[in-house]
Structure formats: C-alpha cells, structure tokens
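In: Quick one: sequence plus predicted model below, questions after.
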Amino acid sequence: MGHSTAQFTLVGPDRPVTAVVGEDIMLPCHLAPRMSAENMEMTWFRSKLFPFVHRYSDGKDQYGEQMPEYQRRTQLLKGGLTQGNVTLKILHVRVSDEGRYSCFVQDGNSFEEAILELQVSASGSAPHLSIEDYQDGGIRVVCRSPGWYPEPEVIWRDLSGQAFPSASHTNSREANGLYETQTSAIIMENSSRNLSCLVRNTRLSQKKESTL
C-alpha cells in the first residue's frame, strides 16, 4: 500500500486521558492544520484495525466490524468534523477500556495515526469496619471497601493521626474488574480503640475514611 505524505498530521493528547468508571470520556484527536475531515475515513482502534472501536467512512458511522464491547457505547462528535476534530466519546467507561487507542485517518492514499493512552479510575465506598475476633491479647479489626481501581492504598491511623501497622492485607478482583480491599489490624486490650481506616485512590487522589 503506497503511503504518500498526508497534507495533515494528527494531534492527540500528550499525556494519558483519565476516566472514571461509569462516566463518559472524550478521546481528543484533531487534524493539523485544521481542515474538514467530513469526507475522510477514520477508525479508532485498540491493538489492531479490525475489529475496531469506532469507524466512520462515506460520511457515516460504520458498525459492521465494531468490537462487541463497544457497541452502543461510542460516538464520533460530528459537529467538529468540519474543523478537523475526530474526537471520540466513550459512554459508561469500564475497567476494560483502559489502555492504548489509535486514531487513524485516511484521505485517499494518505493516512496518519495518533496514539493515546486511556487510564481508568474508580473510588469505592467508605470503608466498613468490623471487630472480627479476639486474638493474642488483642482485638482483630477488619476494614473492607469495594469498588476501587487501580488497587488502592490502605492506611490505618490512630487518633493522633499516626500510622498504625496492619496485620494482613488482601485485594480481590470483583466481577466488574474493580478491586475490593480488605485489611486487618490488631488493637491490644489496653490501648485506646479509636482507629481509622483510610483507603485512597492514588490516581485520582481521592480518599474515603471510616473510624472505629
């Protein structure tokens, strides 16, 4: 396939686009210099050109070989095509949407491609604290919180805000790809029981905290 030099380049974001699970996200991409893309062909894809995430040619969306997981979840923002915008909107972001995307535009024999990275995040619910059992002269307290992505950071703190060591820590994947975190701490009988469990999404710098 002869690749003649295109009369344009494609510009995508130079840093990862961050999306929150369940929300809609725009993957920006535009032609430079700005020119109409209405009569061009464009394909948004993941690792290979087919099946695709979204395809537009002959002036309309083509759904024939769309990846099943993106069906009814993609929109090419048509209003921007005359200004060279080929931005894709993804609806109801899922964990599995995370990764690299290619924006590929073809005009006759010439084509250009821009690569961008989508990072996905989710902040779970406020941690649930429970006293599980008595062990070794102390009480085992467990902090559980589902719905996080990526794996969250968990910190026990005492009333003065000092970090308190955890006894065990596990993260498990839920069916939707999010993480449930479970962390325990041992409080000795003679110490004050006021511990708080702080769970933090490092990517969004959001945190949820509960106190016993």
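Out: Structure's in. What do you need? Numbering: from 1, shown residues only.
In: the bottom helix or strand of the chain by mean pLDDT?
Out: Least confident helix or strand of the chain, by mean pLDDT, DSSP states H and E, is strand 128-135 with a mean of 91.
In: and that strand, what other elements does it pack with?
Out: Judged by 3 or more C-beta pairs under 8 Å, 6 or more residues apart in numbering; DSSP states H and E, strand 128-135 is in contact with strand 138-148, strand 206-211. Any C-beta I mention is one placed from the backbone N, CA and C, and that applies to glycine too.
In: which parts of that strand are buried?
Out: Leu129 (16 or more other C-beta atoms under 10 Å).
In: Need the residues that contact it.
Out: The contact list for strand 128-135 (C-beta atoms under 8 Å, 6 or more residues apart in numbering) reads 139-145, 184, 186, 195, 197, 210-212.
In: Okay, now the unreliable bits of this structure?
Out: 1-5 (pLDDT under 70).
In: Let me see the domain layout of it.
Out: 9-121, 128-211 (automatic domain parsing).
In: Now Leu81: phi and psi?
Out: phi -60, psi -40 (degrees, to the nearest 10).
In: Met35 versus that one, what's the distance?
Out: Separation of Leu81 from Met35 (C-beta to C-beta, to the nearest Å): 10 Å.
In: Of the two, give the one with the bigger neighbour count.
Out: Using other C-beta atoms under 10 Å, the more surrounded residue of Leu81 and Met35 is Leu81, with 20 against 15.
In: so what's that one up against?
Out: With C-beta under 8 Å, 6+ apart, Leu81 has these contacts: Ser36, Ala37, Glu38.
In: so how far is Ser36 from it?
Out: 7 Å.
In: Please report phi then psi for the residue minimising distance to the centre of the chain.
Out: The centroid of the chain falls nearest to Val120 when counting by C-alpha atoms, centre = their mean (0.7 Å). When read as degrees, to the nearest 10, the backbone of Val120 gives phi -110, psi 140.
In: Distance-wise, check the closest residue to it other than its chain neighbours relative to Asp107.
Out: Leaving out its chain neighbours, the residue that sits closest to Val120 by C-beta to C-beta, 6 or more residues apart in numbering is Glu98, at 4.2 Å. Going from Glu98 to Asp107 by C-beta to C-beta gives 30 Å.
In: show me the contacts for Glu38.
Out: By C-beta under 8 Å, 6+ apart, the residues touching Glu38 are Gly59, Leu81, Thr82.
In: let's see 10 Å
Out: Contacts for Glu38 (C-beta atoms under 10 Å, 6 or more residues apart in numbering) come out as Tyr56, Gly59, Lys78, Leu81, Thr82, Gly84.
In: now those as TSV including secondary structure?
Out: Shown next, in TSV, are the contacts of Glu38 (DSSP: H, G, I helix; E, B strand; the rest coil):
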residue	secondary structure
Tyr56	strand
Gly59	coil
Lys78	helix
Leu81	helix
Thr82	helix
Gly84	coil
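In: List only those of these flagged as buried.
Out: By 16+ other C-beta under 10 Å, the contacts of Glu38 give Tyr56, Leu81, Gly84 as buried.
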